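1. Have a look at this prediction, sequence included:
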Amino acid sequence: MAGKAALVLRHVHFEDLGSFGEPLAGAGYEVLYQDVGESSFLSGDPSAPDLLVVLGGPIAVYEGEKYPFLDDELAFIGRRLDTGRPILGVCLGAQLIARSLGADVFASGVKEIGFSALQLTGEGMEGPLRHLEGVEVLHWHGDTYSLPEQARHLASSELVKQQAFCVGANILGLQFHPEARTDIGFERWLVGHAAELAAAGIDPARLRGDAIRHGPRLRAASIAFMQEWLQGLRHDG
C-alpha cells in the first residue's frame, strides 16, 4: 500500500532511521523528519501520520527543566497514544513512550554502551523481535524505565532488564539501537558522543571494531524485524 506517512522526531542528527529507512520505503511510507530546535518540531497533529517514530538522544526524560521541549514532546506523544495509532520509540524515544504511559524513567546505574545480544522473553520470541535473537545489537544508554502497567516485556540484556516492550501491535519501545548503521555513519556516533565515551572510559576503537564485526548481521536482522513489524500494524487504531 503506497501513500502512507511516517513522522520521525529526531533529537540528534546522526541518530536517524538508519536501517529502518529501507523497509519503511519498501512498505510505501514517505518519511518526514522533524528536528529538535527547528520551528517544525512537534508541529501539526500527532494523530495525522500513519506512523510516528521517536528516535534517541543523549538527554534524559526527567530533564525537563534543562530541556523544556521534553514536556511538550511528552504531551505530543501522549496525544498520539490516545489514538491507538502506530508509534515506535528507540532509546530516548522508548523512554518517552514509557513515561507517557505512566512508567518511571530513571538512571540505571550503568553505562550500557557497546554490542551485546538480547535475551528475548517468550512473547518477544513470538513476534518480530525474534529476528534479533542471538544478534549482537548496539546499546547506548544510561537510563532505563519501569515496565508500563499495560505493556508486555519483550527483551532484556545482561546489564539492563528492560530492553523492549509493546502494547498490542501498534505501540513498541526499544531501549537498544537496532537501526544504527555500522557500514555508513557510525563514525558520527563516535565523534558526536566522544565526551560520553571518554567519561565512561570506553575506547572508540573497540566500538569501531565491534561495529565492523557485528554490523552486517545486525543490519539484515533489523530490516527483517522492521518489515514484519510494519506488516502487523493496525492503522485504524
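-> Happy to help now that I have it. Model, not experiment: these values are computed from the prediction.

2. secondary structure element for Phe165?
-> strand 164-167 (DSSP states H and E).

3. after that strand comes which helix or strand?
-> strand 171-174.

4. Show me what that next one is packed up against.
-> strand 87-90, helix 92-100, strand 164-167 (3 or more C-beta pairs under 8 Å, 6 or more residues apart in numbering; DSSP states H and E). All C-beta spots, glycine's among them, are computed from the backbone N, C-alpha and C.

5. For it, which outside residues touch it?
-> 81, 86-91, 93-95, 97-98, 145, 151, 163-166, 229 (C-beta atoms under 8 Å, 6 or more residues apart in numbering).

6. Centre of the chain to it, how far?
-> Offset of strand 171-174 from its chain centre (C-alpha atoms, centre = their mean, to the nearest Å): 7 Å.

7. now stretch 201-220
-> 18 Å.

8. Tell me the helix or strand right after the longest strand along the chain.
-> For the chain, the longest strand by residue count, based on DSSP state E, is strand 105-117. Following strand 105-117 in sequence order, the next helix or strand is strand 119-120 (DSSP H and E).

9. So for this protein, the centremost residue is which one?
-> Nearest residue to the geometric centre of the chain (C-alpha atoms, centre = their mean): Val90, 0.9 Å.

10. Show me the beta-bridge partners of that residue.
-> Bridge pairing for Val90 (DSSP bridges) gives the partners Leu174.

11. Spell out, range by range, the strands that occur in this structure.
-> So, for the chain - with DSSP E - the strands run 4-10, 29-35, 51-54, 87-90, 105-117, 119-120, 136-145, 152-156, 164-167, 171-174.

12. Output these in CSV, with distance to Phe76 appended to each entry.
-> Putting those into CSV (distance: least, C-beta to C-beta, whole Å) gives the following:
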stretch, distance to Phe76
strand 4-10, 8
strand 29-35, 10
strand 51-54, 9
strand 87-90, 11
strand 105-117, 17
strand 119-120, 30
strand 136-145, 18
strand 152-156, 24
strand 164-167, 18
strand 171-174, 15
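
13. Packing partners of the longest helix seen in the chain?
-> As assigned by DSSP state H, the longest helix anywhere in the chain is helix 204-231. Where contact means 3+ C-beta pairs under 8 Å, 6+ apart, helix 204-231 is packed against helix 21-26, strand 105-117, strand 136-145, helix 186-192, helix 194-200.
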